[in-house]
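Asker: here's my sequence, what's the structure:
(chains A and B)
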Number of protein chains: 2
Amino acid sequence: MPVKPFYVMKVLERAREIEKKGRKVIHFEIGEPDLPVPEKVKEAARKVIGNIELRYTESAGIYPLREKIAEYYGKTYGVSVKPQQVIITPGSSPGLLALLKVVSELIGTISYPDPGYPCYKNMLSFLNLPGERIPVSPEESFKLRPESVKTEALIVNSPSNPTGTVYRKEELRRLSEKAFLISDEVYHGLTYRGRAASALEVTDNAAVAGSFSKFFLMTGWRLGFLIVPEELVPHITAILQNTVISASTASQHAALACFEEDVLEELAANVEIFRKRRDFMLKGLKEIGFKVPVEPEGAFYIYADVSGFTEDSFEFSFRLLEETGVAVTPGRDFGYNGTDRFVRFSYCTSLKNIEEGLERLCKLLR
Amino acid sequence: MPVKPFYVMKVLERAREIEKKGRKVIHFEIGEPDLPVPEKVKEAARKVIGNIELRYTESAGIYPLREKIAEYYGKTYGVSVKPQQVIITPGSSPGLLALLKVVSELIGTISYPDPGYPCYKNMLSFLNLPGERIPVSPEESFKLRPESVKTEALIVNSPSNPTGTVYRKEELRRLSEKAFLISDEVYHGLTYRGRAASALEVTDNAAVAGSFSKFFLMTGWRLGFLIVPEELVPHITAILQNTVISASTASQHAALACFEEDVLEELAANVEIFRKRRDFMLKGLKEIGFKVPVEPEGAFYIYADVSGFTEDSFEFSFRLLEETGVAVTPGRDFGYNGTDRFVRFSYCTSLKNIEEGLERLCKLLR
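Answerer: Residues are numbered from 1 along each chain as shown, chains lettered A, B, ... in the order given. As a prediction, the model looks like this:
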């Protein structure tokens, strides 16, 4: 089966055409933080480019960064992680890809939530591996229930894309008793009701995928990481040697600066910016008539039910774009389970833009 | 089947241990150029990090770099390449991985040379795809012969790793008449008897994998590219969206500077450095009693027959390391076809180190 492109790319393409004609588009479709990377991180990158030749690193990444991440997980979640368990990857995607392969081979079939991040399914299909879709519903806060899990392994994504759902520690524990958890924690740090729990708080026998692209804002730097049980490390690094070799050396060195205290404080302060945007957008969307069955507690998305306006959220997304210049992501990108009733709004744009976008939507829809 | 790690990693690991004990190791195992990246490229990187926020780029890469590569191929090989055919990848590996998937699905089974770059086989196995190994022998200059090709697609690697073999244009043409060519041109630019021919000189219906890690020296920057028939582009970018998102934005912008005339001249001058090393190492190895059945015409490797010393080049590699502190790559990393008789020497180190390494080998082996 060929890998499907994201539908949002079609939205983005059309948005670019509209922009070329001189019309301002409000981008609620893009899942990429808009805030600036801390100056210290940039300075560290410039320095390392000036000071050393940027050679390949070990496939698991530079040891000091593996140490920093282990320490950060230790401090944040009160768990014990060895640097040897941490693997640096060029963005979280290639790490997740290697992880899905290894878990499928060594542990068993992998389930994933629907709606959910589309790459889970697409990566499994790319690798020609089986996978089980588990429907999650608004009635259950879009959360996976242990009794639905029938496979040896399970992807849990908290805070989740597209719904912003955050799992409680007890919920993770019950899931971890049913299956080996592949815990996609890339949105960790971006939560609006206390911190999210890590799967590592409830079991040592889980694998975590993390990212420098969300809380740390370093999207174009292409840096992520895995934390896995030590016995999986050689299997995963063997795959990374063959599929990516290593992550950008400059990005790895720059990321060391992320863990300086003042940088972490600067990043933590951004959470308030996202919270304000979320609150403002949530209120505005509801006033217009969007239903948001589950208040998002993390990430930077609102998964909104548009059944008050349409029966086809895909067509609706393009209509919104044409008629109001507001771009959103059609639910269809996130699976099959009721996704034609939903669109995803991202609030990775200024309050001013959010206000303007809501006004435009209001004019069309109320 | 789990993906195998490279045996050379075991050599490298042992070499690091020996170095920790204070002994100097001569590294003939590492396939990574040791020369400095041109200052203009570094300056461009520092500038872009200071000037813009590094966001995701399109999965196919920034358009100006796609244009530069198209233009470079046009000028170098006298072929017509559209920027739309060029896809920027984070190193050549993830591009090749996506390409193998798409070619397998749309065109057919892929053959690859043995001995050859180990990732071809490992990537196919990672993707759970069939593949045919084609033995190539010193008697045929380690070249694939058209009559051995029985599949719809074929990987040809010129200059090749590990043998340094360069195919003539006519040889590529005959291969292209038998199968769709996946032309791994990552060592292009590093040739010692005129330039290598590109598959695109003999057919438009081929896919090229290229790299900024060899001639352009930018290993740790993780940047490569594909040039493919236009109809394959959407299939490949859909995979890249799911598996890597995009290449490092700083690296992409920095690489634009590679194509400035004085930078290209600086890089071209490096070829003479590699040529001197090759000539010196080749002479030295032969004097010691290594057989080099085919003089390498490109890349930075010498594939040496060690059957005068041993019947097991794997064990021999570790013996060399322990007894002389010289690290080489065992042939076994490159396949099954006679590889126990061969080791690969890389000349990615100074003439002085090459001299010292040869002296050490001489003492043990003569």
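
Asker: what is the burial count for A:L181?
Answerer: A:L181 has 24 neighbours, counted by other C-beta atoms under 10 Å in any protein chain shown. Where you see a C-beta, it was placed from the backbone N, CA and C, and this is true even at glycine.

Asker: test my guess that it contacts A:A206.
Answerer: Yes - here A:L181 reaches A:A206: they are 4.1 Å apart, a contact under C-beta atoms under 8 Å.

Asker: what do those two both touch?
Answerer: Common neighbours of A:L181 and A:A206 (criterion: C-beta atoms under 8 Å, 6 or more residues apart in numbering or on different chains): A:A199.

Asker: domain-wise, how is chain A divided?
Answerer: What automatic domain parsing lists as the domains of chain A is A:7-37+A:263-365, A:39-260.

Asker: kindly report the residues of the stretch 51-200 of chain A close to chain B.
Answerer: A:53-57, A:90-91, A:93-94, A:97, A:101-102, A:105, A:118-119, A:122-123, A:126-129 (C-beta under 8 Å from any C-beta of the partner chain).

Asker: quick one, which of those residues are buried?
Answerer: A:53-57, A:90-91, A:93-94, A:97, A:101-102, A:118-119, A:122-123, A:126-127, A:129 (16 or more other C-beta atoms under 10 Å in any protein chain shown).

Asker: among those residues, which are in helices?
Answerer: In helices, defined here by DSSP state H, the members of those are A:93-94, A:97, A:101-102, A:118-119, A:122-123, A:126.

Asker: next, give me the two most distant ones among those.
Answerer: A:V102 and A:P118 (21.1 Å; C-beta to C-beta).

Asker: neighbours of A:S148, how many?
Answerer: A:S148: 17 surrounding residues under other C-beta under 10 Å.

Asker: and it, how far from chain B?
Answerer: A:S148 sits 25 Å away from chain B, going by C-beta to the nearest C-beta, to the nearest Å.

Asker: what about that residue, distance to A:Y167?
Answerer: 14 Å (C-beta to C-beta, to the nearest Å).

Asker: so for the residue lying closest to A:K101 once chain neighbours are set aside, what's the pLDDT?
Answerer: Computed as C-beta to C-beta, 6 or more residues apart in numbering or on different chains, the closest residue to A:K101 that is not its neighbour in sequence is A:L127, at 5.6 Å. A:L127 is assigned a predicted lDDT (pLDDT) of 97.

Asker: my guess is A:L127 contacts B:S125. True?
Answerer: No - contact criterion C-beta under 8 Å: A:L127 and B:S125 do not qualify, at 11.0 Å.

Asker: next up, the contacts around the residue nearest to A:Y120 when sequence neighbours are not counted.
Answerer: Nearest non-adjacent residue to A:Y120, counting by C-beta to C-beta, 6+ apart: A:Y112, 4.0 Å away. Contacts for A:Y112 (C-beta under 8 Å, 6+ apart) come out as A:120-121, A:124, A:131-134, A:154-155.

Asker: one more: A:E311?
Answerer: Counting by C-beta under 8 Å, 6+ apart, A:E311 makes contact with A:340-341.

Asker: residues in a beta bridge with A:N157, which ones?
Answerer: A:D184 (DSSP bridges).

Asker: quick one: it and B:G31, what's the gap?
Answerer: Counting by C-beta to C-beta, the gap from A:N157 to B:G31 is 38 Å.

Asker: neighbour count winner among those two?
Answerer: Using other C-beta under 10 Å as the criterion, A:N157 and B:G31 rank with A:N157 on top: 24 against 20.

Asker: now the element after the helix or strand encompassing A:H235, going C-ward?
Answerer: A:H235 is part of helix A:233-243, with elements assigned from DSSP states H and E. Next along the chain after helix A:233-243, taking DSSP H and E as the criterion, comes helix A:249-255.
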